[in-house]
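Trainee: Next comes the sequence, and after it the predicted model I'd like to discuss.
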Amino acid sequence: MVWLSLEELGQQADLDPLLNLLTLPVRPEAELQVSTRRILELRPDLLSAVLPMLVERFPTLTREEIMVIAGIPAKDLRHTRAAQQWIEEGRQEGRQEGEAQGEARGRAAEAASVTLRQLNRRCGPLTDASTARIQALPLEQLEGLAEALLDFTGPADLAAWLNEHKG
């Protein structure tokens, strides 16, 4: 059995790209750009192996920061499996955020509608300005208004609440 030190292996000149790839996890950050370029100049097909290794090594960095450290131009990244995975992850995150925002807007619109109906019964017909202010309230404030309106006796209470909450 022969033991190899990756640090010592990384010190060898003209290292085979596959062996050089093995040293990426232990190389000093200052050497990563040169080492990565050497690997990719000789074996561009290893880009899909280089990126996941660097992502594992630097889990707190963004993909863009990793690309800068590794000296990988964005144009070289676009068609790799890792890039396609990143793009799909970004799309999925975007979809989830969009869905969450849509659900929140839907809940806010529904809360505004119910609150406006209750206010019309409690305070009489609302002005267009009051209706617009209420529809513009964030969900938390709409919920607060819906609770507060149970104690309202007329339009003055609504006006006071809106002035107090800057709605």
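Mentor: The structure has been received and is ready for your questions.
Trainee: CA atoms only: put stretch 31-49 into CSV for me.
Mentor: Taking Å, rounded to 0.1, in the frame of the first residue of the first chain, the C-alpha atoms of stretch 31-49 are listed here in CSV:
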residue,chain,number,x,y,z
GLU,A,31,-3.4,28.6,-6.3
LEU,A,32,-6.9,27.5,-7.3
GLN,A,33,-7.2,29.8,-10.3
VAL,A,34,-4.0,28.6,-11.9
SER,A,35,-4.6,25.0,-11.1
THR,A,36,-8.1,25.1,-12.4
ARG,A,37,-7.0,26.7,-15.6
ARG,A,38,-4.3,24.0,-16.1
ILE,A,39,-6.9,21.3,-15.6
LEU,A,40,-9.4,22.8,-18.0
GLU,A,41,-6.8,23.7,-20.7
LEU,A,42,-5.8,20.1,-21.0
ARG,A,43,-9.1,18.5,-20.2
PRO,A,44,-12.1,20.9,-20.8
ASP,A,45,-14.4,17.9,-20.2
LEU,A,46,-13.5,18.0,-16.5
LEU,A,47,-15.4,21.2,-15.9
SER,A,48,-18.3,19.2,-14.7
ALA,A,49,-16.1,17.6,-12.1
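Trainee: Now find how far off-centre it is within its chain.
Mentor: Going by Cα atoms, centre = their mean, to the nearest Å, the spacing between the C-alpha centre of stretch 31-49 and its chain's C-alpha centre is 28 Å.
Trainee: Counting neighbours, which bits of that stretch end up buried?
Mentor: Under the neighbour-count criterion of 16 or more other Cβ atoms under 10 Å, stretch 31-49 has 32, 35-36, 39-40, 43, 46-47, 49 buried. In this view, the C-beta of every residue, glycine as well, is placed from N, C-alpha and C.
Trainee: Any chance of those residues in CSV with secondary structure and pLDDT as columns?
Mentor: Formatted as CSV, these follow (DSSP: H, G, I helix; E, B strand; the rest coil; pLDDT from 0 to 100):
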residue, secondary structure, pLDDT
L32, helix, 84
S35, helix, 89
T36, helix, 87
I39, helix, 89
L40, helix, 85
R43, coil, 88
L46, helix, 86
L47, helix, 81
A49, helix, 85
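Trainee: And those residues, which two are furthest apart?
Mentor: Greatest spacing in those, by Cβ to Cβ: L32 and R43 (16.3 Å).
Trainee: from the buried residues of stretch 31-49, which single one is nearest P125?
Mentor: When the buried residues of stretch 31-49 are compared for distance to P125 (Cβ to Cβ), L47 wins out at 66.3 Å.
Trainee: Could you verify my assumption that I39 touches V50?
Mentor: Yes. Contact criterion Cβ atoms under 8 Å: I39 and V50 qualify, at 6.2 Å.
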